[in-house]
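1. Here is my input; please provide its structure:
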Amino acid sequence: MRLASPSSESARQQRHDRLRRDRAAAQAIRSAYPTIVTLGLKLHFEGSEARVPADQVHVMHPPARAFFEFPCPYADCDGQFNLSDAVGAVLASSKKSAAGVLECVGLRAKDHAGRQSCKLHLHYTITPEYQ
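-> Numbers count the residues shown, from 1 in each chain. Below you'll find the model as predicted:
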């Protein structure tokens, strides 16, 4: 069993705390995007490893916070995926959906060889439902 070093655990906790604070400070969707009834986010991950994280589906309603940053699903990665610009662009254009790909630029601790680039790919689909 490998134990995380205290510094990596501390850094992970700091990232978690920052994301929680930023989410709490974000406006509600109803304030930021008043015409949205629901906002669907589908996240599909692809990577070079045999085991990749499971897909995620988020359905956000008007009371939810307009916060669209997601930590990399690998527990040993310090990266995150920020969909804020993509969500803002699709909602500004009133499109029915949008899709794209982001690459995790975080670092992972792999095989005692030090930290290596994560490079996990996130294929996302944003599906808003308007009033």
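
2. use CA for all of it now, contacts and neighbours both
-> Will do.

3. How many residues are close by residue 39?
-> Neighbourhood size, residue 39 [other Cα atoms under 10 Å]: 21.

4. any idea which helix or strand carries it?
-> Counting by DSSP states H and E, the element that carries residue 39 is strand 36-46.

5. Parallel or antiparallel, list what pairs with that strand.
-> In the sheet, strand 36-46 lines up against strand 56-60 (antiparallel), strand 121-130 (antiparallel) (DSSP bridges).

6. what pLDDT, on average, does that strand get?
-> Summarised as a single mean, pLDDT over strand 36-46 is 97.

7. In the helix or strand bottoming out on mean pLDDT in the chain, which residues are buried?
-> When each helix and strand of the chain is scored by mean pLDDT, DSSP states H and E, helix 6-25 comes last, with a mean of 81. For helix 6-25, the neighbour count (16 or more other Cα atoms under 10 Å) marks 12, 15, 19, 23 as buried.

8. Equivalent analysis for stretch 24-38, please.
-> Residues of stretch 24-38 classed as buried by neighbour count (16+ other Cα under 10 Å): 28-30, 33, 35-36, 38.

9. a markdown table please, covering those residues and showing distance to residue 55.
-> Formatted as a markdown table, the buried residues of stretch 24-38 follow (distance: Cα to Cα, whole Å):
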| residue | distance to residue 55 |
| --- | --- |
| 28 | 25 |
| 29 | 23 |
| 30 | 26 |
| 33 | 26 |
| 35 | 27 |
| 36 | 24 |
| 38 | 19 |
